[in-house]
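Undergrad: Predicted model follows, preceded by the sequence.
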Amino acid sequence: MDKTRIPVIVGTGQVTDTTSKPEEGRSPLQLMHDAVKLAAADSGAQDQGAALLRGLDSVTVIRLFADTLPRFASPFGKLANAPWSIAQRVGAANATDLVQGGDSQVVILARACERIAQGESQAALVVGGEALRTELAAKRAGLQLQWGEDAPTTPNQLTGVRSFRSTRPEDMYTKAEEKHGMRSAIAMYALIGQALRHAAGQTVDQYREASAKLFARFAAVARDNPLATRRKGYSAEQIAEVNAENPFVGFPYTKLMTASAFVAQSAAFI
């Protein structure tokens with residue numbers, strides 16, 4: 001590798017919003033823009049990273065839930081070209097590699113590094129964000145928000161690249177999976193969990209208790225992380241106990257063992 005083209009992550013930024021009222025909440029685009037600004041400032045480049053952002057030639061936005069699964073389609077509009085919208089807001093007028101896609105940020109990172117190493121890119125941004133917490137609260141409050149934006153072009157969705165999830169829901173499942181209702185992560189992970197439990201010779205209670213002990217360690221870390229969304233530091237007993245506030249979500253997993261998509265979070269790296 002040319003030693004002058006070794007890829008280096010120069011800045012990162014993260015945003016978590018757990019308190020804003022729905023009328024004050026940020027859209028996915030606003031959340032991502034804020035994460036990008038933090039990443040630029042984190043780089044230590046001149047003028048809070050403004051020059052670095054102007055020098056971007058590649059902008060990748062991880063595909064939103066709303067653009068991937070019909071059940072998450074937003075009533076508040078669609079970004080026609082999310083990477084273009086981000087590039088416009090950060091002054092990256094020279095960015096020509098505008099990509100939206102993928103469900104693996106690590107693969108996207110590898111792509112950016114390869115392009116830099118091969119001389120195809122000098123500065124790349126990867127960003128993602130979700131505002132489903134705000135969207136759900138706005139729906140319940142009867143608000144009509146405008147989060148969509150048109151664009152003069154469509155993004156490169158990396159069609160045909162094996163490492164990326166298809167944009168078509170019908171391509172995401174086999175016919176056998178669809179026939180048996182296995183069309184969600186929560187169902188598939190529960191099925192895999194049952195197989196692991198059986199292989200380990202555990203009862204349902206033993207497996208749930210072992211899982212709860214693992215998640216309690218995660219909860220202890222989240223308690224002290226201001227960017228976490230669950231910061232109560234739940235004990236293993238609280239995580240394992242099945243009750244009205246912590247029901248089975250995907251048996252044998254309780255609600256506190258299950259990730260929630262309804263967050264307002266974003267992250268970016270340059």
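TA: Yep, that arrived.
Undergrad: tell me the pLDDT at the residue lying farthest from the centre of the chain?
TA: Checked against the mean C-alpha position of the chain, the extreme residue using Cα atoms, centre = their mean is G201, at a distance of 34.6 Å. With respect to pLDDT, G201 has a value of 97.
Undergrad: measure it to F251 for me?
TA: 19 Å (Cβ to Cβ, to the nearest Å). For the C-beta atoms, the positions are set from N, CA and C on the backbone; glycine is no exception.
Undergrad: re earlier: which phi and psi does the residue farthest from the centre of the chain have?
TA: phi 70, psi 30 (degrees, to the nearest 10).
Undergrad: mind checking how far it is from Y207?
TA: If you measure G201 against Y207 using Cβ to Cβ, the figure is 10 Å.
Undergrad: which residue ranges form the strands in the stretch 51-200 of the chain?
TA: Per DSSP state E, counting those that start in this stretch, the stretch 51-200 of the chain carries strands over the ranges 58-61, 97-100, 124-131.
Undergrad: Tell me which of those lies nearest to S235.
TA: Each of the strands of the stretch 51-200 of the chain has some distance to S235 by Cβ to Cβ; the shortest is strand 124-131, at 28.2 Å.
Undergrad: helices or strands next to the closest one in the packing?
TA: Strand 124-131 sits against helix 28-42, strand 58-61, helix 82-90, helix 105-117, strand 264-269, with contacts defined as 3 or more Cβ pairs under 8 Å, 6 or more residues apart in numbering; DSSP states H and E.
Undergrad: If we use 10 Å, what do you get?
TA: In terms of contacts (3 or more Cβ pairs under 10 Å, 6 or more residues apart in numbering; DSSP states H and E), strand 124-131 is packed against helix 28-42, strand 58-61, helix 82-90, strand 97-100, helix 105-117, strand 264-269.
Undergrad: For this protein, which residues score under the pLDDT cut-off?
TA: 102-103, 160-172 (pLDDT under 70).
Undergrad: for it, what's the longest helix?
TA: Counting residues, the longest helix in the chain under DSSP state H turns out to be helix 204-223.
Undergrad: Pull that helix out as PDB, backbone CA atoms only.
TA: Backbone C-alpha positions of helix 204-223 (Å, rounded to 0.1, in the frame of the first residue of the first chain) are rendered in PDB as follows:
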ATOM      1  CA  VAL A 204     -36.200 -22.300  29.400                       C
ATOM      2  CA  ASP A 205     -35.700 -20.800  32.800                       C
ATOM      3  CA  GLN A 206     -32.000 -21.600  32.900                       C
ATOM      4  CA  TYR A 207     -31.400 -20.100  29.500                       C
ATOM      5  CA  ARG A 208     -33.400 -16.900  30.400                       C
ATOM      6  CA  GLU A 209     -31.500 -16.500  33.700                       C
ATOM      7  CA  ALA A 210     -28.100 -17.000  31.900                       C
ATOM      8  CA  SER A 211     -29.100 -14.400  29.300                       C
ATOM      9  CA  ALA A 212     -30.200 -12.000  32.000                       C
ATOM     10  CA  LYS A 213     -26.800 -12.200  33.700                       C
ATOM     11  CA  LEU A 214     -25.100 -11.300  30.400                       C
ATOM     12  CA  PHE A 215     -27.500  -8.400  29.800                       C
ATOM     13  CA  ALA A 216     -27.000  -7.100  33.400                       C
ATOM     14  CA  ARG A 217     -23.400  -6.600  32.500                       C
ATOM     15  CA  PHE A 218     -24.400  -4.600  29.500                       C
ATOM     16  CA  ALA A 219     -26.900  -2.600  31.600                       C
ATOM     17  CA  ALA A 220     -24.100  -1.700  34.100                       C
ATOM     18  CA  VAL A 221     -22.100  -0.200  31.200                       C
ATOM     19  CA  ALA A 222     -25.100   1.700  29.800                       C
ATOM     20  CA  ARG A 223     -26.000   3.200  33.200                       C
END
